[in-house]
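Asker: Quick one, fold the following:
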Amino acid sequence: MIVEQSKAIVAEVNKALIGKQEVVEQALMAIYAGGHILLEDVPGTGKTTLALALSKCLDLDYKRVQFTPDTMPSDITGFTMLNRKTGEFEFNWGAVNCNLLLGDEINRTSAKTQSALLEVMEELAVTVDGVSHPVPKPFICIATENPVGSAGTQPLPDSQIDRFMVRLSIGYPSTADQVNILKAKRYANPLDDTKAKISRDNLLEIQNFLGNVQVADAVLDYIVRLCEQTRDMELVELGVSPRGVIALTRMARACALIRERDFVSPEDVREVFKATCAHRLALKPQARIESVTAEDILDQVMEIVPAPSMGQVVGRAARW
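Answerer: The predicted model follows:
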């Protein structure tokens with residue numbers, strides 16, 4: 001049932017975001033895993049389209065914030081205001097009062113406003129004037145950012161980057177896909193015809209079901225050793241955190257679920273390793289001099305750390 005629903009969601013989103021099935025699948029995995037998504041790419045590649053299409057397919061209450069230098073933290077979290085009729089202070093929600101929040105160009109705003117998302121991304125609640133206010137469930141934040149170095153941008157703090165389960169890049173479409181995009185938009189926007197494939201209650205059930213996907217001790221050990229190896233690489237200043245280890249495990253479970261299995265294989269881990277861990281690495285200045293990227297480092301890590309055999313996985317998976 002979940003597999004059929006997932007295929008229907010991916011197919012529906014691909015009508016609006018043509019030719020990017022792998023990105024759509026990884027975004028859906030992150031949502032199933034209860035994580036947040038960072039989309040980093042140049043303008044005009046479909047980042048906002050992906051977020052809108054997912055919100056429609058998953059029947060989620062959607063809000064969008066366009067981050068600018070003058071965006072205030074209260075625009076995100078909300079604020080209390082005196083009601084003159086009752087004489088009492090009342091809480092007024094900000095943009096986070098939704099199921100899917102799109103933070104557009106998050107790295108164009110101030111660090112203070114960026115940090116307004118920290119609590120809600122981790123605790124699913126905001127605290128204003130000492131009072132905690134839970135947000136609706138499920139809650140997913142999809143943030144887009146232009147490459148650092150673009151005019152008016154500043155990098156996200158490490159603590160916030162670590163809270164995004166995955167970082168994805170859509171990239172430019174192929175020549176054939178660009179032709180198909182022009183044809184699809186000839187008379188109407190395909191996004192307007194995107195239909196819901198599951199309800200938000202169904203999504204919560206899938207997120208809760210994820211714990212039933214089994215992970216063998218050998219695979220858990222493999223996940224930990226991969227992340228530990230990133231901390232020992234010569235060009236890495238800061239490796240994958242324990243939060244990243246947990247995120248990689250949940251993403252591997254979601255990957256197995258979409259790949260029609262009830263257990264996690266080493267290939268599931270390898271498939272989502274870069275998307276889950278590349279943005280968590282802080283590289284030394286020498287890496288830039290040598291033109292080495294975080295993805296290059298993770299390729300080296302996967303070569304260094306041996307994967308368990310399927311004999312160690314099948315039949316020995318244990319719930320985690």
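Asker: Quick check: the nearest residue to residue 301 once chain neighbours are set aside vs residue 273, distance?
Answerer: Leaving out its chain neighbours, the residue that sits closest to residue 301 by Cβ to Cβ, 6 or more residues apart in numbering is residue 229, at 4.8 Å. Every residue, glycine included, has its C-beta placed from N, CA and C. Noted for residue 229: a distance of 11 Å to residue 273, by Cβ to Cβ, to the nearest Å.
Asker: Give me the common contacts of these two.
Answerer: Common neighbours of residue 229 and residue 273 are not found (criterion: Cβ atoms under 8 Å, 6 or more residues apart in numbering).
Asker: Pull out the buried positions in the host helix or strand of residue 182.
Answerer: Assigned by DSSP states H and E, residue 182 belongs to helix 175-184. For helix 175-184, a neighbour-count test (16 or more other Cβ atoms under 10 Å) marks residue 181 as buried.
Asker: so the residue nearest to residue 301 makes contact with residue 299?
Answerer: No: between residue 229 and residue 299 there is no contact under Cβ atoms under 8 Å: 11.9 Å.
Asker: quick one: which of those two has more around it?
Answerer: The neighbour comparison of residue 229 against residue 299 (other Cβ atoms under 10 Å) goes to residue 229, with 19 against 13.
Asker: Pull the contacting residues for that one.
Answerer: Per Cβ under 8 Å, 6+ apart, neighbours of residue 229: 301, 304, 305.
Asker: Look at it and tell me its secondary structure.
Answerer: helix (DSSP: H, G, I helix; E, B strand; the rest coil).
Asker: who touches residue 66 in this structure?
Answerer: Contacts of residue 66 by Cβ under 8 Å, 6+ apart are 104, 105.
Asker: From residue 59, how far off is it?
Answerer: In terms of Cβ to Cβ, residue 66 sits 24 Å off from residue 59.
Asker: Low-confidence regions, the stretch 151-300 of the chain specifically.
Answerer: 151-152 (pLDDT under 70).
Asker: Please enumerate the strands of it.
Answerer: 166-168, 215-216, 236-238, 282-283 (DSSP state E, counting those that start in this stretch).
Asker: Check which helices and strands the third one sits against.
Answerer: When you say that, I think you mean strand 236-238. strand 282-283 (3 or more Cβ pairs under 8 Å, 6 or more residues apart in numbering; DSSP states H and E).
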